[in-house]
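# Structure, please.
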Amino acid sequence: MNTGHTKRVSKSISDALRQTYVFAKASADDLEALVQICELDSLPAKTPLVNEGERATALFVLAKGRLVVKETITPTSELIIARIDPGDVVGEIGFFDGKPASASVRTDEPSQVIRVAHAALSTLFKERPALEVAFYRAIVSTLTQRLRNSNQIIRASLTSAMMPRC
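From the prediction side, this is the model:
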């Protein structure tokens, strides 16, 4: 076993997790326990992480690269909903409700992602309730901001659609 490599991977995961809004406030002990249930994947461009309509079984933290979130509009067209930059998390909604994904997520360029299995994260939260509370607070804050942004986009779309035509 290459412990030098293992330590470098663990440090890479730890550093990336520390940069995310969901784990930034985790204690050193909680972060160390979290690293133990993570996998670091180096993926080529166009690799699917989450498929629309399927249940996600993992949470993904983007360490390097870029992700695209897209939704199928028709069998031949897609709408890009978001581009995800390092430090952001995807798969969190599926973690909450266990329902099929409402959008697909794929790498937009060669990327490194940290994969955290939903089951392992749930188990860790039972052992470390403070980590769970911090995680949920961060997710709720993020989802609230996303909802506010969506409301602004809808309002702007409706306002421009309702402008009188001359």
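
# Helices of this protein, residue ranges please.
If DSSP state H is used as the criterion, the helices of the chain fall at 3-18, 28-35, 92-97, 118-127, 129-161.

# Excluding sequence neighbours, find me the nearest residue to residue 119.
residue 57 (7.6 Å; Cβ to Cβ, 6 or more residues apart in numbering). All C-beta spots, glycine's among them, are computed from the backbone N, C-alpha and C.

# Just the pLDDT for the one you found.
pLDDT, residue 57: 91.

# what about it, neighbour count?
Around residue 57 there are 14 other residues, counting by other Cβ atoms under 10 Å.

# Look up how far residue 105 lies from it.
Relative to residue 105, residue 57 is positioned 13 Å away (Cβ to Cβ, to the nearest Å).

# what's the distance between the residue nearest to residue 119 and residue 100?
Distance from residue 57 to residue 100, counting by Cβ to Cβ: 12 Å.

# Now residue 24: phi and psi?
Taking degrees, to the nearest 10, you get phi -60, psi -30 for the backbone angles of residue 24.

# I'd like to know how far it sits from residue 134.
Residue 24 is 9 Å from residue 134, by Cβ to Cβ.

# likewise residue 111?
From residue 111 to residue 134 the distance is 26 Å (Cβ to Cβ).

# which one of the two has more residues nearby?
residue 111 (23 against 18).

# who's that one bridged to?
residue 43 (DSSP bridges).

# That one touches residue 61, doesn't it?
No: with contacts counted by Cβ atoms under 8 Å, residue 111 stays clear of residue 61, the gap being 11.0 Å.

# tell me the contacts of residue 45?
107, 108, 109, 110, 111 (Cβ atoms under 8 Å, 6 or more residues apart in numbering).

# before we move on, what about residue 143?
Contact analysis of residue 143 by Cβ under 8 Å, 6+ apart lists 92, 93.

# again, but for residue 48
Residue 48 neighbours (Cβ under 8 Å, 6+ apart): 104, 105, 106.

# Can you list the low-confidence ranges for the chain?
1-7, 160-166 (pLDDT under 70).
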